[in-house]
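[1] Give me coordinates for this.
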Amino acid sequence: MTMAARTESFGRRVRRLRAPGAPWIRVACYASSIVLLLGAWQALGRSFGVLFVPFTTTMSRLREMLYDGPLLSALAVSGKLYGVTLGISIVVGVSVGLVLARMKLIAAAIEPYIYVLYATPTISLVPFVSVMFGFEFWSRVLVAVLISIFPILLGTLEGARSIPRQHLDVAAIFGSSEGQLWRDVILPYVTPYAMTGIKQSIALSMVGTLVAEFFLNPDGVAAVLLQGTTTIDSAWVLAVTVLVAAIAVVLVGIGELIERYLVRWRHTAVG
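    Below is the predicted model:
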């Protein structure tokens, strides 16, 4: 068999595997990466001693913290802050993005300050927030929102501004009212952009929650992490970190499913 024939035969075999089975290939690659990561973690943990414990030790400590430790109550406290932060980020981010895109005078007055806030490290604003608003719940919400809102706001703004002019012209020709224009043209076009920002904000809201708890009256998951850090208990810290990362992955996955439901036409078009 010639080299060209062998290459062609191999190409056909690859296409036969990929055509009906692309999803399982992605799952297999993802599972393989997880197995490799956990194997490396286990091997390194046996080499570093108390500074970096193996995966099995971490999972054992996580089980103890969930059943007998402070982790569940801490998750409830942080979950409330996280839920309020994400909700405010979505509502305010989408609303402000649409307003700035549709009202040029307001955008000219406000948009520069949005980019100033976006470029400013949020941690540098924490002292001002604490002095002006104290250390209570809504102060922490403000800090967390400042960390998580910008992907939604800027994504929505970019989506609304990128609507092709001919779409709006066709709606005007058919006599669409302002409400119909929003319902039939603007919102469907902007939704994919907004959902991309929301998926980023799902993870950033968790980061903002932990940052706000660390620097403003530590409680919740941040307090548990600080407890493990001060006692130099790496299994404790790694267990909390793994749980937070797993929750973030699940929540981002839920966001992906919601996006697929809301913009089914896009996934149908691109395959």
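[2] Name all residues that make contact with residue 76.
    Applying C-beta atoms under 8 Å, 6 or more residues apart in numbering to residue 76 gives no contacts. Backbone N, C-alpha and C define where each C-beta goes, glycine included.
[3] What strand or helix carries the closest residue to residue 137 other than its chain neighbours?
    In space, residue 137 comes closest to residue 81 once its chain neighbours are excluded; the distance is 7.1 Å by C-beta to C-beta, 6 or more residues apart in numbering. For residue 81, the host element (DSSP states H and E) is helix 71-102.
[4] which parts of that helix are buried?
    For helix 71-102, the buried set under the neighbour-count rule, 16 or more other C-beta atoms under 10 Å, comprises 71, 74-75, 77-78, 81-82, 84-86, 88-90, 93-94, 96-98, 100-101.
[5] The residue nearest to residue 137 and residue 138: what is the separation?
    10 Å (C-beta to C-beta, to the nearest Å).
[6] on that earlier part again, enumerate the positions of the helix or strand that comes right after the helix holding residue 81 that are buried.
    Next along the chain after helix 71-102, taking DSSP H and E as the criterion, comes helix 104-119. By neighbour count on 16+ other C-beta under 10 Å, the buried set for helix 104-119 is 107, 114.
[7] looking just at contacts, which helices and strands does helix 104-119 meet?
    Contacts defined by 3 or more C-beta pairs under 8 Å, 6 or more residues apart in numbering; DSSP states H and E place helix 104-119 against helix 71-102, helix 150-161.
[8] gap between residue 246 and residue 163?
    Per C-beta to C-beta, residue 246 is found 38 Å from residue 163.
[9] Tell me which of the two has more neighbours.
    Using other C-beta atoms under 10 Å as the criterion, residue 246 and residue 163 rank with residue 163 on top: 15 against 11.
[10] on that earlier part again, what's the closest of the helices and strands packed on helix 104-119 to residue 192?
    The closest of the helices and strands packed on helix 104-119 to residue 192 is helix 150-161. By C-beta to C-beta, the value is 7.1 Å.
[11] Figure out how far the next helix or strand after the closest one is from the centre of its chain.
    Downstream of helix 150-161, the first helix or strand assigned by DSSP H and E is helix 165-173. Computed by C-alpha atoms, centre = their mean, to the nearest Å, the chain-centroid distance of helix 165-173 equals 34 Å.
[12] And for stretch 62-75?
    Using C-alpha atoms, centre = their mean, the offset of stretch 62-75 from its chain centre is 24 Å.
[13] residues in contact with that stretch?
    219-221, 223-224, 227, 236, 239-240, 242-243.
[14] ok, back up a step: for the helix holding residue 81, what does the pLDDT average out to?
    Helix 71-102 shows a mean pLDDT of 92.
[15] just stretch 219-228 next, same as before
    87.
[16] which parts of stretch 223-239 are buried?
    Quick answer for stretch 223-239 (16+ other C-beta under 10 Å): 223-225, 227-228, 234-239.
[17] tally of neighbours for residue 200?
    Residue 200 has 17 nearby residues by other C-beta under 10 Å.
[18] er, residue 129 actually
    20.
[19] Quick one: classify residue 139 as helix, strand or coil.
    Using DSSP: H, G, I helix; E, B strand; the rest coil, the structure places residue 139 in helix.
[20] right, and it touches residue 133 too?
    Yes - counting by C-beta atoms under 8 Å, residue 139 touches residue 133, with 4.3 Å between them.
[21] Check what pLDDT the spatially most central residue of the chain gets.
    The chain has residue 203 as the residue nearest its centroid, 2.8 Å off, counting by C-alpha atoms, centre = their mean. At residue 203, the model reports a pLDDT of 91.
[22] No more questions from me, cheers.
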